[in-house]
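Asks: just need the structure, nothing else, for what follows:
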Amino acid sequence: MSEELSSIVDFSVDLGKQDAPEPLPVGEYTAMIRGAEVKLSQRETKYGAISFHIGADQYPADFSDGPDEGLTIVYRRVGLEDNPQARYGTRRFCEAIGAPLSKSINVEEWVGMEAAVEVAHESYEGVTRAVIQRVRAA
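Replies: Residues are numbered from 1 along each chain as shown. Sure thing, here's the model as predicted:
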């Protein structure tokens, strides 16, 4: 039986004094896929939502705002539609992570594979965040 959680949550800092954390610095990191699933976009097109995990041991020495267990960034630029552009993009992604190429793929088989990811920054709702700009072979 699970333990009931208290409705009171204590933080180490007053939330009124918490600034936005610094995003992971721009650069190239080796990342492992921890999750991969097929999703539908707002336009009803299929794409892969790939969760890349960057270990804390890869943080630059002057980066202190990252979680102690590492950082996960979801990459949503793998089109999974059956058209030439999406198929070629998926082929390049599979080659980058070392996944086998065939007529049929199971994105769940990508879990555990590694790649080099290029991290960039983008602003979303006024907050700068780290995003994966490119994936290539590690």
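
Asks: show me what the strand ranked longest in the chain is in contact with.
Replies: Counting residues, the longest strand in the chain under DSSP state E turns out to be strand 27-40. With contacts defined as C-beta atoms under 8 Å, 6 or more residues apart in numbering, strand 27-40 is touched by 46-55, 58, 60, 72-73, 76, 80, 97, 107-108, 110-119, 132, 138. In short, each C-beta sits where N, CA and C put it, glycine included.

Asks: may I see the buried residues of that strand?
Replies: 29, 31, 32, 33, 36 (16 or more other C-beta atoms under 10 Å).

Asks: can you name the next helix or strand after that strand?
Replies: Using DSSP states H and E, the helix or strand that follows strand 27-40 towards the C-terminus is strand 46-54.

Asks: buried among the contacts of strand 27-40? Make that a PyMOL selection.
Replies: To isolate the buried ones among the contacts of strand 27-40 in PyMOL, judged by 16+ other C-beta under 10 Å, type:
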select buried, resi 47+48+50+51+52+53+54+58+73+80+97+107+110+113+114+115+117+119+132+138
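
Asks: now do the helices in the chain.
Replies: For the chain, applying DSSP state H gives helices covering 84-97.

Asks: in it, where is pLDDT below threshold?
Replies: Confidence mapping of the chain against pLDDT under 70 gives the ranges 1-2.
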